[in-house]
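**Q** Predicted structure and sequence below. I'll ask about it afterward.
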Amino acid sequence: MSNELQQRLRNHLEALARSGNTISYRQLALLAEIPEPQVIRQLTSLLEAIMRTDHAAGINDSVASLAVSQAIPAIPRPGYFMLLRELDLYSGPDTGAKAAAFHTASMQRVFERFASPS
């Protein structure tokens, strides 16, 4: 996967962070113009790369948390939580109340980081 595609994806996620919004995986893939085939698989690999890059830079709450499932609750898919555990950032389950609460708190920190100074 190209660095250009990863940067384009990051730019979209940072714009979402500034506006305080999330986006579904499908919508993000379309917005970032990820080419066929296996669009969602490519997207998740790019999101994981962004999470790893952020973590290496000392950023534990990645903009990748803004990409969510269309299901209710609108939280990332299990791979997000699996990677967080691998990075020693989370120790809970992939689904349920604990996962949703962790994700909400992480998103809030991302929104705060990108908020315009008042």
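**A** Sure thing, it's come through.

**Q** check contacts around Ile50.
**A** Contact criterion C-beta atoms under 8 Å, 6 or more residues apart in numbering gives 6, 9-10, 13, 62-64 as the residues in contact with Ile50. Glycine gets a C-beta too; all of them are placed from N, C-alpha and C.

**Q** do that again at 7 Å, thanks
**A** In this structure, Ile50 makes contact with 6, 9-10, 62-64, judged by C-beta atoms under 7 Å, 6 or more residues apart in numbering.

**Q** and if you look at Ala74?
**A** For Ala74, the contacting residues are 22, 68, taking C-beta under 7 Å, 6+ apart as the criterion.

**Q** secondary structure class for it?
**A** Reduced to three states with DSSP: H, G, I helix; E, B strand; the rest coil, the structure at Ala74 is coil.

**Q** which helices and strands does the strand or helix carrying Gln7 pack with?
**A** Here Gln7 sits within helix 3-19, counting by DSSP states H and E. The criterion is 3 or more C-beta pairs under 7 Å, 6 or more residues apart in numbering; DSSP states H and E, and the helices and strands that helix 3-19 contacts are helix 39-56, helix 97-114.

**Q** neighbouring strands for the next helix-or-strand element following that helix, and are they parallel or not?
**A** Next helix or strand after helix 3-19 toward the C-terminus (DSSP H and E): strand 23-24. Strand 23-24 sits in its sheet next to strand 67-68 (parallel), going by DSSP bridges.

**Q** Now do the partner strand, average pLDDT.
**A** Model confidence over strand 67-68, given as mean pLDDT, is 97.

**Q** Tell me how far Arg113 lies from Arg52.
**A** In this structure, Arg113 lies at 18 Å from Arg52, with C-beta to C-beta, to the nearest Å as the measure.

**Q** Which residue, neighbours along the chain excluded, lies closest to the residue nearest to the spatial centre of the chain?
**A** Most central in the chain under C-alpha atoms, centre = their mean is Ala64, positioned 1.8 Å from the mean C-alpha point. Among residues not flanking Ala64 along the chain, Leu47 sits closest, at 4.3 Å (C-beta to C-beta, 6 or more residues apart in numbering).
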